[in-house]
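Student: fold the following for me, if possible:
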Amino acid sequence: MISKYIAKDIERKWQKFWEENKSFSVKEDINKEKYYVLDMFPYPSGEGLHVGHPLGYIASDIIARYKRHKGYNVLHPMGYDSFGLPAEQYAIQTGQHPEITTENNIKRYREQLDRMGFSFDWERELRTSDPNFYRWTQWMFKKFYNSWYNKKLDKAEDILKLIEHFENFGSEKLDASQTKELKFSNVEWKMSSERKKNEILMNYRLAFLSKSIVNWCEELGTVLANDEVKEGFSERGGFPVEQKSMMQWSLRISAYSERLLNGLKEIDFSPSLIEQQKNWIGKSEGIILYFEVLESSETIEVFTTRPDTIFGVSFLTIAPESEIISKILTKEYEDEVKNYRQRTAKKTERERLATSGKPTGVFTGAYASHPVTKQKIPIWISDYVLSGYGTGAVMAVPAGDQRDYDFAKEYNLKIPQIFKNADISEKAFTEKNVLYINSQFLNDCNFLDATKKIHDFIYKKGIGKKRTNYRLRDAIFSRQ
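Tutor: Predicted coordinates:
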């Protein structure tokens, strides 16, 4: 019997035994039920682990040990996220080659992890900086690059099949996920230069190049993820970060939105987690409306799920980074718009979406024509509109949307009343159980009737089209 627990002696004894006997090495065994315990791999970007690492590892190790005792065949690997910005920055700070600093840091991390007695299967260790690992990420990239998403079959196909379609039909009869809607004949395709053909194919590839709004850090010389930016500065180093439109490699994961939603029906998640995933994918069915810009050949497309409120539109709001601004901006407002765009570039996406505080914006000097009433509608820019969501433009209905209402109040814009007996003196009316007024042929209709009537009107007049939108956006991965 042990009368006293001497941690130093007992822990080291058994840790040595586990190492020599490979106690946690797992082999395939079809007679045992499988259980997978995966931890977040640490960045080997410092001289040792910090307290946040064991905080998570201890909990998962308890689960792994418990399941082993219950007879499961437990896979519990460990690895190192050693091929990224943290490792690179640590090498710069220490003036050493990243291969050397990464190797030294991994040795130190491994020593600490072993001393804590975790039950990892070290025969399955992964290092993202190991060519034997990243050769597979490169292989995957090539697969993505040479694939496109066929909506008819609801799956990806080889790019050669797309080229064959273009040879025979051009863009006609094609139902594919794409960056922009293109129209061309098979003759135009055949007459195009190789460069032009490559540009067209890039519009459909699963791994593709396109301009995206990113968090750019000049000092670090790289793009940062949202969670790497705190209040306009990089989490690592505290350097200024600005939102900038740059050419980036992206993965067209938005093509899989509907499949991801359907897949949630077959996953054993809690109801709250399933709801969270649905909100992340963010499916919404609505209409794209066309607003023609006056004294210009430009048209602004707006996505809305509430076309029934179209008679309440009193202004348009565009994302500050939208490319159309330079095409419609009047000289009188050039400086104001330029300064506002510079201020917006210093804000993170999270800051721009925050609902607290006064809304901000600038008038462009341009006007659009209301697609139904033909009234003159002012076009503003505001940081609460993001280019990556919907079309990057909002038809503002201040009577029915609180954010539009606050914006209209702040800048003394019209708030047309379109809801019968609804009080909009202090805030917007966002319910659907109401009849409409000041809405021409929708007057005295309820929500369902008004929606059907306006849909029929829009399709008949050709001022819009059906659209299913998803909040899920394509993943930018240029840094990798």
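
Student: which helices and strands sit right next to the helix or strand hosting residue 74?
Tutor: Per DSSP states H and E: residue 74 is located in strand 73-75. Counting contacts by 3 or more C-beta pairs under 8 Å, 6 or more residues apart in numbering; DSSP states H and E, strand 73-75 packs against strand 34-36, helix 52-69. C-beta coordinates here come from the backbone N, C-alpha and C atoms, glycine included.

Student: check which element follows that strand along the chain.
Tutor: strand 79-80.

Student: pairing partners for that following strand, with directions?
Tutor: strand 126-127 (parallel) (DSSP bridges).

Student: can you list the buried residues in the helix or strand following the strand it pairs with?
Tutor: The helix or strand immediately downstream of strand 126-127 is helix 131-145, counting by DSSP H and E. Within helix 131-145, the residues scored as buried using 16 or more other C-beta atoms under 10 Å are 141, 144, 145.

Student: kindly report the same for stretch 246-253.
Tutor: Buried residues in stretch 246-253 (16+ other C-beta under 10 Å): 248, 249, 250, 251, 252, 253.

Student: beta partners of the first one?
Tutor: The residues paired with residue 248 through beta bridges, assigned by DSSP bridges, are residue 210.

Student: find me the pLDDT at residue 11, would you?
Tutor: Note on residue 11: pLDDT of 88.

Student: that one in helix, strand or coil?
Tutor: At residue 11, secondary structure determined by DSSP: H, G, I helix; E, B strand; the rest coil is helix.

Student: quick check: the closest residue to it other than its chain neighbours vs residue 65, distance?
Tutor: Excluding the flanking residues, the one nearest residue 11 by C-beta to C-beta, 6 or more residues apart in numbering is residue 117, at 6.1 Å. Distance, residue 117 to residue 65, using C-beta to C-beta, to the nearest Å: 10 Å.

Student: again, but for residue 474
Tutor: Taking C-beta to C-beta as the measure, residue 474 falls 40 Å from residue 65.

Student: so the two - more neighbours on which side?
Tutor: residue 474 (20 against 16; other C-beta atoms under 10 Å).

Student: residue 251 is in contact with the more buried one, correct?
Tutor: Yes: counting by C-beta atoms under 8 Å, residue 251 is a contact partner of residue 474 at 6.1 Å.

Student: how many residues are close by residue 473?
Tutor: Counted with other C-beta under 10 Å, residue 473 comes out at 15.

Student: revised request: answer the last question for residue 109.
Tutor: The burial count for residue 109: 21, using other C-beta under 10 Å.

Student: cool, and residue 113?
Tutor: Residue 113 has 18 neighbours, counted by other C-beta under 10 Å.

Student: next, the angle from the helix or strand that contains it to helix 52-69.
Tutor: Assigned by DSSP H and E, residue 113 belongs to helix 98-115. Interaxial angle, helix 98-115 versus helix 52-69 (axes from the mean of the first three to the mean of the last three C-alpha atoms, to 10 degrees): 50 degrees.

Student: okay, buried residues for helix 98-115 please.
Tutor: 98, 101, 102, 105, 106, 109, 110, 113, 114.

Student: in TSV: the residues you listed, plus pLDDT and distance to residue 405.
Tutor: Shown next, in TSV, are the buried residues of helix 98-115 (pLDDT from 0 to 100; distance: C-beta to C-beta, whole Å):
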residue	pLDDT	distance to residue 405
98	86	52
101	88	54
102	89	53
105	90	53
106	92	55
109	93	53
110	93	58
113	92	54
114	91	60
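
Student: and which of the residues you listed is nearest to residue 411?
Tutor: residue 98 (50.7 Å; C-beta to C-beta).

Student: what sits up against the helix holding residue 113?
Tutor: Here helix 98-115 makes contact (C-beta atoms under 8 Å, 6 or more residues apart in numbering) with 11, 15, 19, 42, 44-49, 57, 78, 80, 82, 87-88, 90-91, 94, 120, 127, 129.

Student: recalculate using a threshold of 7 Å.
Tutor: 15, 42, 44-49, 78, 80, 82, 87-88, 90-91, 94, 120, 129 (C-beta atoms under 7 Å, 6 or more residues apart in numbering).

Student: again with stretch 306-315
Tutor: Counting by C-beta under 7 Å, 6+ apart, 287, 289, 370, 372-373, 377-378, 380, 395-400, 408, 413-416, 418, 438-440, 442, 447, 450-451, 454-455, 458 sit against stretch 306-315.
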